[in-house]
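Participant: Predicted model follows, preceded by the sequence.
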Amino acid sequence: MILPIYTFGQPVLRKVAEDITPEYPELKELIENMYETLEYSEGIGLAAPQVGLSIRLVVINLDVISDDLPEYKGYIHTFINPHILDYDDTETDLMEEGCLSFPGIHESVRRPTRIHVTYMDENFQPHTEWVDGYLARVMQHEFDHLEGKMFVDRLSMLRKQLIKGKLADLQKGRFRCTYKVKTRKA
Ligand code: NI
């Protein structure tokens, strides 16, 4: 089932999400629905708050960009209760990001290139690892959603000022996009 994506202005996007247990109701169906929603909206990552649920659950599909980044061929992963333990601040890079909760907005964001993460997979098996490259960027973007943070928070004051109008339009539901959304007013 394709779920509507909650867009900027929805209060759930500003909440700190809660850890879940294997007993979370209909978790398997929810994960399937999130992958289906991600595919339909042509994204590479989706965090549960973006479908209105304040829980620590993220799906990432980098297989869809493996023509450009072959190292991610077949990379489709579910992250339960992820937490970033550490950022390696020795190197950062600047790259353009978008977000399904911000249709039409693309902005360059500076982030560390390497992070130490802990999470459980869909079988609730724990993993702790250092991650780098594009995956580290996508994880930071998605895991930020679980802290109530979004990529626009990480822009310079100047860029924030320049996109103020666009953000106001988003909040008011004045935008178009090709996938199903749930705006604050809807
Ligand atoms: Ni996002």
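Facilitator: Now that the structure is in, tell me what you want to look at.

Participant: going forward, measure contacts and count neighbours with C-alpha atoms only.
Facilitator: Fine.

Participant: Now the residue nearest to the spatial centre of the chain: closest residue in space that isn't a chain neighbour?
Facilitator: Nearest residue to the geometric centre of the chain (CA atoms, centre = their mean): Glu142, 2.9 Å. Closest residue to Glu142 apart from its sequence neighbours, by CA to CA, 6 or more residues apart in numbering: Ala47 at 5.9 Å.

Participant: How about the one you found: which residues does it bridge to?
Facilitator: Val58 (DSSP bridges).

Participant: Point out where this protein drops to low pLDDT.
Facilitator: Counting by pLDDT under 70, the chain has low-confidence residues at 185-186.

Participant: what's the longest strand in the protein?
Facilitator: If you go by DSSP state E, the chain has its longest strand at strand 76-97.

Participant: Sheet partners, orientation included, of that one?
Facilitator: In the sheet, strand 76-97 lines up with strand 57-61 (antiparallel), strand 107-120 (antiparallel) (DSSP bridges).

Participant: Only alpha carbons, please: show the shortest one as CSV.
Facilitator: This means strand 57-61. Included here for strand 57-61 are C-alpha records, laid out as CSV according to Å, rounded to 0.1, in the frame of the first residue of the first chain:
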residue,chain,number,x,y,z
LEU,A,57,12.4,3.0,11.5
VAL,A,58,14.1,3.8,8.1
VAL,A,59,14.3,2.1,4.8
ILE,A,60,17.0,2.9,2.2
ASN,A,61,17.2,1.7,-1.4
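
Participant: List of residues touching that strand?
Facilitator: 31, 34-35, 43-48, 75-82, 142-143 (CA atoms under 8 Å, 6 or more residues apart in numbering).

Participant: Same question for the last one.
Facilitator: Here strand 107-120 makes contact (CA under 8 Å, 6+ apart) with 79-98, 126-134, 136-137, 151-152, 154-155.

Participant: Could you give me the PyMOL selection string for whichever of these are buried?
Facilitator: Of those, the buried ones go into a single PyMOL selection, burial set by 16 or more other CA atoms under 10 Å:
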select buried, resi 79+80+81+82+83+84+87+97+98+131+136+137+151+152
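
Participant: Look at His106 and say how many residues are nearby.
Facilitator: 14 (other CA atoms under 10 Å).

Participant: Could you do the one 3 residues further on as well?
Facilitator: Val109 is surrounded by 20 other residues when neighbours are defined as other CA under 10 Å.

Participant: so after the helix or strand containing Leu170, what's the next helix or strand?
Facilitator: Using DSSP states H and E, Leu170 falls within helix 164-171. As assigned by DSSP H and E, the chain's next helix or strand after helix 164-171 is strand 181-182.

Participant: Adjacent strands (with direction) for that next one?
Facilitator: Partners of strand 181-182, by DSSP bridges, with direction: strand 5-6 (parallel).
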